[in-house]
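Visitor: give me a model of this one.
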Amino acid sequence: MSILLVKVTNQFVIVIIVIIVLFYFTFICLNVNVADNESITAPPLLLNGRKRPQQGYIVRVDLEKNCGDIENIMIENCLKYLDDNEDDYMISFPTTAGVSPPPLCNRDHSPMLFHVFWKGQITDKIGLMMKSFLYSQPLDCSKLYVWLDNINNTNFNDNEHIRPLLKYSPTNIEFKFWNIVEQLSSSDIYAGWRNDYYSSKSVTLSDLVRFVVLHNYGGIYIDADVLLVRDMRPLYYANFEFSYLWSYLNEYNTAVLRLRKESQSSEMVIRGAINNKMSFHPFDIRKYLSTHENSTRKETNKFIYMLPPGLFDPLWLKRDNKQPSSVLSPNLHNFTDIFNPSIIPDEIPGLDPATFDGSPLDIRNVESFFRGIFTYHWHNQWNFTIHSTSWIGVMQTAYDDFLSGKRRNLYNEYIFKDEMVKLGSTRFKKPYLKA
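Guide: Here you go, the predicted structure:
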């Protein structure tokens with residue numbers, strides 16, 4: 001009898017301890033008291049959230065076998081593989097003599113460096129790209145350079161699209177002045193560049209900017225019409241430089257471009273462009289990387305790897321009728337569909353927009369937007385309005401709510417809104433991501 005009583009008592013004590021521990025962590029995580037007696041309430045968890053990639057893990061280049069054969073592998077199957085099989089295509093950084101592994105993700109190490117170029121007045125579109133960076137990337141080890149051609153004529157405090165982001169500058173976002181003479185005077189590699197071939201058109205100019213800033217600084221260049229969706233560390237630190245396939249053509253699309261500082265690849269492209277009337281058009285890049293006439297894709301991949309389009313641009317093959325029967329999630333058809341405030345036919349197979357009496361927001365949420373992709377390229381739809389019920393509006397709302405502390409990102413992290421929060425014996429300055 002006494003033995004039974006001891007067992008019961010021990011079980012009771014264990015239960016009490018568990019309840020106390022759960023209460024403690026609930027109190028700490030969901031209702032953290034700060035000095036002014038206000039509190040911070042953690043937003044609810046996202047049920048379909050992701051985990052950040054493991055420290056030191058990179059993407060294997062041979063994920064090509066599950067995504068590269070666009071003649072036989074549908075994009076939806078590629079995305080399912082990317083979404084469900086990180087353990088298969090992400091590997092621990094190989095130990096190689098003289099090669100440093102990826103640094104720890106903290107402010108004591110150099111950050112991942114991203115670049116974007118913008119010409120003209122700041123609009124909601126470039127603001128959206130910056131928000132996607134803050135929403136998706138680990139803020140303790142990421143920085144975005146926003147290159148502006150008219151930075152001296154921009155009043156950031158008066159611009160509604162930039163003003164909310166200024167608190168992240170210069171720690172995570174740094175606005176930089178693009179000056180072609182200054183940038184192309186920084187190295188002998190630019191000797192012979194011709195200013196009379198230099199074009200002021202935004203597209204042509206950005207073609208040049210990406211290779212120059214990546215050669216001078218290194219990092220990943222992202223076009224302003226690209227949304228960052230997933231943590232880019234496993235690609236950033238992979239042991240290859242990359243861009244991606246131009247739809248089904250054997251040419252590069254440099255809307256997403258990773259080059260290391262002063263790399264052989266960037267040097268080859270820059271020298272080739274200088275000898276070709278300063279043309280940095282994507283269709284010229286492959287020939288600049290060719291060591292002889294008619295080099296194969298396998299040969300040019302040694303310099304800049306041409307990754308499958310599904311990682312960055314999931315709708316392109318379907319829109320170009322290369323995979324017309326593809327059923328995506330969401331099942332969009334054209335680049336403009338992301339701006340449509342109404343449900344489109346077949347957006348969800350079996351759902352008839354004519355008989356559906358709910359809101360588009362009932363079926364559209366950021367967690368189910370092309371799961372598996374690393375970025376989404378929406379291809380120059382600059383003149384479209386962002387409606388709150390459109391897919392692009394859903395993304396914008398998620399970004400805004402995250403940055404204001406109202407919701408978590410896809411990694412189930414949230415930002416403390418206060419300048420300083422005391423948690424135990426540690427103090428965190430904003431922006432601080434809390435898991």
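
Visitor: which stretches in the stretch 1-150 of the chain count as strands?
Guide: Assigned strands in the stretch 1-150 of the chain, in chain order: 32-33, 39-40, 57-59, 90-92, 112-118, 142-148 (criterion: DSSP state E, counting those that start in this stretch).

Visitor: which helices and strands sit right next to the fourth one?
Guide: This points to strand 90-92. strand 57-59 (3 or more Cβ pairs under 8 Å, 6 or more residues apart in numbering; DSSP states H and E). For glycine as for every other residue, the C-beta is placed from the backbone atoms N, C-alpha and C.

Visitor: same question for the third one.
Guide: Contact partners of strand 57-59 among helices and strands, from 3+ Cβ pairs under 8 Å, 6+ apart: strand 90-92, helix 233-236.

Visitor: among those, which is the most enclosed?
Guide: helix 233-236 (a mean of 22; mean count of other Cβ atoms under 10 Å).

Visitor: point out where the protein drops to low pLDDT.
Guide: 1-40, 96-98, 195-202, 417-435 (pLDDT under 70).

Visitor: that older thread, CSV for the helices and strands packed on strand 57-59, including distance to F242?
Guide: Shown next, in CSV, are the helices and strands packed on strand 57-59 (distance: least, Cβ to Cβ, whole Å):
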stretch, distance to F242
strand 90-92, 15
helix 233-236, 7
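
Visitor: closest one to G218 among these?
Guide: Distance to G218, taken as Cβ to Cβ, is lowest for helix 233-236 among the helices and strands packed on strand 57-59, at 10.0 Å.

Visitor: among the helices and strands packed on strand 57-59, single out whichever gets nearest to G68.
Guide: helix 233-236 (15.2 Å).

Visitor: which residues touch the closest one?
Guide: 53, 57-59, 90, 102, 105, 112, 138, 141, 219-220, 242, 258, 374 (Cβ atoms under 8 Å, 6 or more residues apart in numbering).

Visitor: 10 Å instead, please
Guide: 52-60, 86, 89-91, 93, 102, 105, 112-114, 137-138, 141-142, 219-220, 242, 256, 258, 307, 311-312, 374-375 (Cβ atoms under 10 Å, 6 or more residues apart in numbering).

Visitor: hmm, which of those residues are the buried ones?
Guide: 52-53, 57-60, 86, 89-90, 93, 102, 105, 112-114, 137-138, 141-142, 219-220, 242, 256, 258, 307, 311-312, 374-375 (16 or more other Cβ atoms under 10 Å).

Visitor: so S100 touches F93, yeah?
Guide: Yes - the pair S100 / F93 is scored as a contact, 9.0 Å apart, by Cβ atoms under 10 Å.

Visitor: overlap in contacts of the two?
Guide: Y237.

Visitor: now do the same contact list for W391.
Guide: By Cβ under 10 Å, 6+ apart, the neighbours of W391 are 330, 332, 337-341, 344, 347, 360, 364-366, 369-370, 376, 378.

Visitor: one more time with 7 Å, if that's ok
Guide: With contacts defined as Cβ atoms under 7 Å, 6 or more residues apart in numbering, W391 is in contact with 330, 338, 364, 369.

Visitor: nearest spatial neighbour of Y244, skipping sequence neighbours?
Guide: Counting by Cβ to Cβ, 6 or more residues apart in numbering, Y244 lies nearest to L307, which is 4.6 Å off, once chain neighbours are set aside.

Visitor: got phi/psi on that neighbour?
Guide: phi -70, psi 160 (degrees, to the nearest 10).
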